[in-house]
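[1] how would this look folded up:
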Amino acid sequence: MAVDELDTRILRLLLEQPRTSAREYARILGVARGTLQARLDRLEREGVITGSGVSLSPAALGHPVLAFVHIEVTQGHLDDVGEALAAVPEIIEAFSITGGGDLLTRVVARDNAHLEDVIQKVISLPGVVRTRTEVALRERVPRRLLPLVESIGRAAAGERPSTPGPRPAPGPRPASGPRPASGG
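    Numbers count the residues shown, from 1 in each chain. Modelled structure (predicted):
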């Protein structure tokens with residue numbers, strides 16, 4: 001889906017000020033409320049906006065330990081294991097993946113002993129072959145989407161990205177005779 005500069009401004013406001021009313025968003029953006037609502041409806045219909053809820057902190061809810069648990073599954077049992085994982089409340093996300101395992105989960109726990117209990121529960125599920133756990137020590141980049149939205153907005157406006165990236169290869173050199181050999 002292509003987003004334009006107004007879409008980018010709308011998305012930025014939704015991320016920065018999620019509790020503001022549509023009327024206030026329209027005022028801030030300098031657009032009619034109907035225009036704003038039409039844009040919001042399109043962004044929802046096309047799957048750009050997927051919800052409008054609050055963000056909760058597992059740590060503040062008494063589950064400060066975060067771990068990533070890779071799960072290897074018996075062939076043909078991926079769906080069954082995925083359904084069983086949904087019944088474990090400490091598993092807050094699960095993804096099918098490529099690479100060293102079949103599923104990757106984000107697990108929260110009260111402490112390390114609780115984390116071990118959750119992992120033992122996962123290991124005992126029918127179809128689970130083995131697990132590998134990595135405990136997060138500190139969050140370095142919190143979940144964020146605003147930098148991505150801004151990058152997409154710049155691209156839509158035809159601006160150059162502000163993040164460093166590979167430089168374009170130099171164009172062809174003008175023909176001016178043989179080039180000297182370079183020494184190594």
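
[2] C-alpha only now, for contacts and for neighbours.
    Noted.

[3] any weak-confidence spans in the chain?
    The model of the chain has pLDDT under 70 over residues 1, 159-184.

[4] how near is the residue nearest in space to the middle of it to Ser55?
    Nearest residue to the geometric centre of the chain (CA atoms, centre = their mean): Arg143, 6.7 Å. Plainly put, Arg143 is 11 Å away from Ser55 if you go by CA to CA, to the nearest Å.

[5] ok now stretch 120-134, how far from the chain's centre?
    The chain centre lies 25 Å from the centre of stretch 120-134; the measure is CA atoms, centre = their mean, to the nearest Å.

[6] mind exporting it as CSV, just the C-alpha atoms?
    C-alpha atoms of stretch 120-134 as CSV (Å, rounded to 0.1, in the frame of the first residue of the first chain):
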residue,chain,number,x,y,z
GLN,A,120,9.0,-27.2,31.3
LYS,A,121,5.3,-26.7,30.4
VAL,A,122,6.3,-26.0,26.8
ILE,A,123,8.7,-29.0,26.6
SER,A,124,5.9,-31.3,27.8
LEU,A,125,3.5,-30.3,25.0
PRO,A,126,2.9,-33.1,22.5
GLY,A,127,4.9,-32.5,19.3
VAL,A,128,7.7,-30.4,21.0
VAL,A,129,11.1,-32.0,20.4
ARG,A,130,13.3,-29.5,22.1
THR,A,131,13.7,-25.9,23.1
ARG,A,132,16.4,-23.3,23.3
THR,A,133,16.0,-20.3,25.5
GLU,A,134,17.7,-16.9,25.4
